[in-house]
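Asks: Let's see this in three dimensions:
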Amino acid sequence: MTVPPSPLPPPARPMRADARRNYERLVSAATEAFLENGADASLDDIAKRAGVGPGTLYRHFPVRQNLIDAVLQQWMASVLTDAEPLREAADPAEALSVWLRRLVAHVQVFRGLSSALIPPEDKMKQDSPAWVLHRTSEELLTRAQESGGIRSDVAIKELMTLVSGVTWACDRGKEVDADRLIDLIMDGLRVRD
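Replies: Okay, here's the model as predicted:
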């Protein structure tokens with residue numbers, strides 16, 4: 001699976017043209033590095049790939065998570081585009097199943113980022129990629145529960161913990177059939193007659 005290109009989010013304040021170019025080059029270099037080496041890719045290597053010094057990297061991204069969030073923002077639009085038709089699907093329980101499969105597939109794009117994408121709820125910043133994924137998942141879970149297809153006693157935190165476990169296992173390179181694990185999760189979530 002490749003990362004679909006999308007525009008970078010606008011910075012908090014306007015940047016000079018050279019600073020904007022450096023920002024974009026850093027995000028592009030980080031995307032490549034994360035795809036090749038996972039989330040622990042060397043920040044010095046990322047700066048070298050971008051053709052800038054480490055100081056420039058740290059001015060734009062004071063901590064690694066800032067850089068991870070910028071990379072994840074690039075493909076967030078495609079993830080949310082995938083979710084749109086699911087919000088109105090005729091079978092909300094099936095829509096939730098499709099979403100969970102897509103979520104795991106999206107997280108697998110960047111090896112080692114499963115913990116960044118699905119952190120503990122109390123560690124999420126509003127509007128971060130993890131927060132957006134979490135809220136989208138919660139909307140789809142709630143809709144499936146309201147339709148009567150999914151158990152009402154399941155909390156979003158529990159569901160995201162299960163999904164995080166699947167992505168963690170996939171990240172570790174284990175012989176894991178993610179679709180089968182999602183089937184098992186969905187089987188446990190469905191209301192029994």
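Asks: Tell me which stretches of this protein form helices.
Replies: Secondary structure of the chain (DSSP state H): helices at 17-37, 43-50, 54-60, 64-83, 92-109, 114-117, 129-146, 156-171, 178-189.
Asks: Quickly, which of those helices bottoms out on average pLDDT?
Replies: With a mean of 61, helix 114-117 has the lowest mean pLDDT of the helices of the chain.
Asks: sorry, back to before: TSV please, covering the helices of the chain and showing mean neighbour count.
Replies: In short, each C-beta sits where N, CA and C put it, glycine included. Shown next, in TSV, are the helices of the chain (neighbours: other C-beta atoms under 10 Å):
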stretch	mean neighbour count
helix 17-37	17
helix 43-50	18
helix 54-60	15
helix 64-83	18
helix 92-109	21
helix 114-117	21
helix 129-146	19
helix 156-171	18
helix 178-189	16
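Asks: what domains does the record give for this structure?
Replies: 17-62, 67-189 (automatic domain parsing).
Asks: Please tell me how far Asp40 sits from Leu67.
Replies: In this structure, Asp40 and Leu67 are 12 Å apart, going by C-beta to C-beta, to the nearest Å.
Asks: nope, Arg192 is what I meant
Replies: According to C-beta to C-beta, Arg192 stands 45 Å off from Leu67.
Asks: Ok, Glu138 next?
Replies: 26 Å.
Asks: just Asn22 next, same as before
Replies: 13 Å.
Asks: same question, Val79
Replies: Computed with C-beta to C-beta, the distance linking Val79 and Leu67 is 19 Å.
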